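[1] Compute the structure for the input listed below.
(2 chains)
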Amino acid sequence: MQSAVIKNLQLELASYHSRLKIGVGFVLVLALVLMVRMVYLQVARHEHYQNLAESNRITLVPAVPNRGLIYDRNGKILADNFSGYTLEITVGKAGNLDALLQQLSSLIEITPKHLRQFKRLREESHEFETVPLKSKLTDEEVAILAANQYRLPGVEVKARLFRNYPAGEGLSHVIGYIGRINDRDLDNLRESGKINNYKGGTHIGKVGLEQYYEDMLHGKTGFEQMETDSAGRAVRVLSRTPPLAGHDLILNLDMELQRVAEYVFGDYRGGLVAIDPNNGGVLAMVSKPGFDPNLFVDGIDPATWKELNESIDTPMVNRPLRGIYPPGSTIKPLLALGALELGLRKASDAIHDPGYYSLPGSSHRYRDWKKEGHGIVDLHDSIVHSCDTYYYRLAVDMGVERMHDFLARFGFGSRTGVDIRNESTGLLPSKEWKQKRFKQPWQLGETVIAGIGQGYHLATPMQLAAATATLANGGTYYRPRLVKAVRDSETREVRPVPPEIAWKNSFDPEHLARVRAAMVDVLKPGGTAAHAGADAPYDIAGKTGTAQVVGIRQGEKYDEKRLAERHRDHALFIAFAPADAPRIALAVVVENGGSGSGTAAPMARAVLDYYLLGKKPRGVPVLEEYESAGD
Amino acid sequence: MNQPAIKRVLAEILRHLDGMLLALLIAMLAVSVAVVFSASGESGMRLVGHLANIAVAMIVLVAVANVPPHILSKLGPPLYALALMLLLAVALFGEIRNGSRRWLSFGILSIQPSELMKIALPLMLAWYFQQHEAALRLRHYAVAALLIALPFLFILRQPDLGTSLLIAASGFYVLFFAGLSWKIIAGLAAATSLFLPIAWNLLHDYQRQRVMTLFDPMSDPLGAGYHIIQSTIAIGSGGAFGKGWLSGTQNQLDFVPERTTDFIFAVFSEEFGLLGVTLLLLLYLAIVARGLKIAEQAPTMFARLMAATISLNFFTYIFINMGMVSGILPVVGVPLPLMSYGGTALLTLMIGFGMLMSMATHRKLLKS
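    Residues are numbered from 1 along each chain as shown, chains lettered A, B, ... in the order given. Modelled structure (predicted):
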């Protein structure tokens, strides 16, 4: 029994020692498992986890840059920024929105206009975006809101930079405006890879220069690399890339000249474009009527938008770029030059004008504006008196194809390339075009009326002005440019935007001189715009034009009074001055203005007088004064 | 008392400390002070609290080391009975924290009876096997199994799956070293694998969730998976050499949850890298090795079973904690021994190491 116990003890001890060894093995195996896992995490996957740790702790906070300013050529500010407070709501955090709006109206003044605007912006935004309800808060309103913040969930008062357009309506179609970034803008930004530069930003250029020069004006968004803890609280700033303000634009446009042009335009609708023929710089660009671009910056309320959009006066149409008008007689000097250049006419060649033109073998009469006719008319007279018959015949001799090609050398039928988007090409007809457009052959009669700028030919005021500038400088077609220079936001260095020559025509100087001389006489006694040129201390080369809005049937007496105001002819005028060394070329189109000589030419004169002499029309309604002079 | 007398008493007390084990423990605790300091965001309060816990635990270590093993073994039944009663009390009157009933509150002092059971169960079993030394029969193992099952079920019901399994494991270690036959072990293993699907259905939702999240932490990145994701990021980003003491971004910026307690290993790994982890693991293995050495040389069955179980248990906790923090085991709420902040766990550990020292130093006395 005793030996059995001892034997058992020994057995148990032996078993114990062998199990200790198993225990050691067990420990070592588990330790190895741990080591494998640690090597995997800390060596094999180190980089992966390193990145995760970095993105855990680092948050990028965008810093929105200040938008570049826009000045006229003399440093007058046309678009600037001011800081102010806005009341913004995050709908997703607000809970009961109606109750919240109710509550807000009891604290500060919220107008129905604010609510409509808010409603519209809300539809365009996501639930967790902040939507402005009221901007430009007064200090008192800011204080009231701050005091009540705790019971206004989702409501924030934010300090923001606002865009302001001091010129208001006048430059609405030049400067354009910025507006809140919408989904379409976002898509565009994503597509063009610029989205990162808009982090934290709320506005973008929508039309006009604000749109065209968006990249320059916007600047570069800065970033603060913040280290944040697990609760998202900023612990410290790791690095700061300050935002780079947008560059400033300095325009060729002269605000004073623009004001004069707007003033003389009065309540007429239409467009006026003045260009420096030596570089294509746009000196003035009037589009009447306009709209207040300031309305758009924080989202326009739907009622006002509707009103603007549905107005019979179409204030939203950029007339200098999108308004297309038959150029009428204003193309006569160009066709005259074409006749000389193509050898179709000599300056001395004269015709007899009985007051109409008929195609050979046809009794149809293409009437001259002067019923009794101009009698014997040479090239000079044809321009001075704006003889239609001369150009009916010339057109037939030239043919539509040559006419098309020659006018194309002055930029008709194609975009001028001005630095504002969505410009119209106008329409310069050709046989090929008609076949394509109407599947019909060109009619000879269409060539006849094309000779006086009627029919299919359509041009924008910008095209007319650019063509006039090309004639003025002897053949160089400059792309019209609104922006003269860019001021670098960092170095403050002013970098001129070099003029862009699209092409150069070489015309015989003698031919040019003849056409110019005739155009000068247009504003001299006996010329169609003699009144507009009266007592000018410098020579103006010009040409009147009248574009029919509705066709006048054969034999029907033209009665201006009978036609509704909207059916009156458009009045056109092109001019450059001083005639021997032009510094300014312009085109005026006055919708339903009646005649070019009566309405458009006096406007041009006032603009030229201011630009060349510094003479401002004082107080007196200049337009009426000239109008009383009549044709 | 005169000076020589004090010296003599001190010498007598210190004689029962195992020098090597003590040195390893002190080294380990020094590391822990540094890591807790970093993990607490350099909090002075935490540091003082941790040092106080260590001081108390060291005193307890010295005290337990001076209790002879035969007295320790006699403490088995009463401690076990007490722990069991307290577990019963918890089940009846326990305080609910975080959805489970684990705590007993006595005014300002709250205790977790399951902590006491971590020592009481092995002590009870070792005492029981000592009684039947050299005459072990199957029925003795059956009784032992019952002794394990009672606290296991109580703690499981709290519910605290992790602790109940760990306590069952410590009981199993005693049985294993007592010579439980391989056939039974194999049978148990088979029974367990059969029982697993049933157990799965018995698990609480949050426990299932924890297991599920283990296999796919990203399925719940802000909830249950958050702990594992953030701790693995901390470990992985530490790399070979770590980000340096006090420089772990996951730690300092509060991305690692429970970073002074259960997840302190993530902080350590982030700041000291694979190199630090290797050294740490070697230090732990050295402590385990010393414990097993003491177990090997232990003179009585009680001492052998206790020493081996304490050592293996110690390593089990390390493995469970590191495995959970590094994402290969479910999150069960086990602190890292000798590293995590927390007085109770440290006290339990030091009682264990005190027993080891007692068994190591009283051996010669017994033999002589």
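[2] In the stretch 51-200 of chain B, what residue spans correspond to helices?
    For the stretch 51-200 of chain B, the helices defined by DSSP state H, counting those that start in this stretch occupy B:69-74, B:76-93, B:113-131, B:138-156, B:161-177, B:182-202.
[3] Can you list the neighbours in contact with the fifth one?
    What it means is helix B:161-177. Residues outside helix B:161-177 that contact it (C-beta atoms under 8 Å, 6 or more residues apart in numbering or on different chains): A:16, A:19-20, A:23, B:114, B:117-118, B:121-122, B:125-126, B:129, B:141, B:144-145, B:147-148, B:151-153, B:155-156, B:158, B:185, B:203, B:207, B:304-305, B:308-309, B:312-313, B:316-317, B:320, B:332-334. Where C-beta positions appear, they are placed from N, C-alpha and C, glycine not excepted.
[4] And those residues, which of them are buried?
    The neighbour count (16 or more other C-beta atoms under 10 Å in any protein chain shown) marks A:16, A:19-20, A:23, B:114, B:117-118, B:121-122, B:125-126, B:129, B:141, B:144-145, B:147-148, B:151-152, B:155-156, B:158, B:207, B:304-305, B:308-309, B:312-313, B:316-317, B:320, B:332-334 as buried among the contacts of helix B:161-177.
[5] mind checking which helix or strand A:Leu60 is in?
    Taking DSSP states H and E as the definition, one finds A:Leu60 inside strand A:58-63.
[6] I meant A:Ala502, not that one.
    Assigned by DSSP H and E, A:Ala502 falls in strand A:501-504.
[7] A:Asp521 too?
    helix A:509-522.
[8] Export only the CA atoms of the helix or strand following that helix, formatted as CSV.
    Next helix or strand after helix A:509-522 toward the C-terminus (DSSP H and E): helix A:530-533. Presented in CSV, the C-alpha positions along helix A:530-533 are these (Å, rounded to 0.1, in the frame of the first residue of the first chain):
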residue,chain,number,x,y,z
ALA,A,530,-25.5,116.4,-91.2
HIS,A,531,-27.4,117.4,-88.0
ALA,A,532,-25.4,115.0,-85.9
GLY,A,533,-22.2,116.3,-87.3
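[9] List the buried residues in helix A:530-533.
    Buried residues in helix A:530-533, counted by 16+ other C-beta under 10 Å: A:Ala530, A:His531, A:Ala532, A:Gly533.
[10] need those residues in TSV with distance to B:Leu92 and pLDDT, can you?
    Below are those laid out as TSV (distance: C-beta to C-beta, whole Å; pLDDT from 0 to 100):
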residue	distance to B:Leu92	pLDDT
A:Ala530	118	90
A:His531	114	91
A:Ala532	111	91
A:Gly533	114	90
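[11] quick check, nearest of these to chain B?
    Nearest to chain B among the buried residues of helix A:530-533, counting by C-beta to the nearest C-beta, is A:Ala532 at 77.1 Å.
[12] so what's the closest one closest to, chain neighbours aside?
    A:Ala601 (3.5 Å; C-beta to C-beta, 6 or more residues apart in numbering or on different chains).
[13] How much space separates that neighbour from A:Pro166?
    Applying C-beta to C-beta, to the nearest Å, one obtains 31 Å for the distance of A:Ala601 from A:Pro166.
[14] ok, now A:Met35?
    73 Å.
[15] do the same with B:Leu121
    In terms of C-beta to C-beta, B:Leu121 sits 87 Å off from A:Pro166.
[16] now do A:Lys484
    19 Å.
[17] go on, A:Glu372?
    53 Å.
[18] Compare these two (neighbour count), which wins?
    A:Pro166 (13 against 9; other C-beta atoms under 10 Å in any protein chain shown).
[19] how near is that one to A:Ser83?
    16 Å.
[20] same check, this time on A:Asn51
    Distance from A:Asn51 to A:Ser83, by C-beta to C-beta: 39 Å.
[21] Pick out whichever of those two has more residues nearby.
    Using other C-beta under 10 Å, the more surrounded residue of A:Asn51 and A:Ser83 is A:Asn51, with 13 against 9.
[22] May I ask you to name the longest strand in the chain?
    Went with chain A since none was named. strand A:77-90 (DSSP state E).
[23] I was after chain B.
    Under DSSP E, chain B gives strand B:100-106 as its longest strand.
[24] what's the neighbour count on residue 243?
    Defaulting to chain A. A:Pro243 has 21 neighbouring residues, counting by other C-beta under 10 Å.
[25] actually chain B
    Neighbours of B:Lys243 (other C-beta under 10 Å): 21.
[26] Just to check, it is in contact with B:Glu270?
    Yes - using C-beta atoms under 8 Å, B:Lys243 is in contact with B:Glu270, at 6.0 Å.
[27] Show me the common contact partners of those two, please.
    What both B:Lys243 and B:Glu270 touch, as defined by C-beta under 8 Å, 6+ apart, is the set B:Ser237, B:Thr249.
[28] Any regions of chain B where pLDDT drops low?
    B:1, B:98-100, B:107-109, B:210, B:213-224, B:363-368 (pLDDT under 70).
[29] Please tell me how far A:Arg120 sits from chain B.
    36 Å (C-beta to the nearest C-beta, to the nearest Å).
[30] Check A:Asn197 too.
    For A:Asn197, the distance to chain B - C-beta to the nearest C-beta - is 29 Å.
[31] That residue belongs to a strand, doesn't it?
    No - under DSSP: H, G, I helix; E, B strand; the rest coil, A:Asn197 sits outside any strand and is assigned helix.
[32] For the nearest residue to it once chain neighbours are set aside, report the pLDDT, please.
    With C-beta to C-beta, 6+ apart as the criterion, A:Asn197 has its nearest non-adjacent residue at 5.0 Å, and that residue is A:Thr221. Looking at A:Thr221, its pLDDT is 87.
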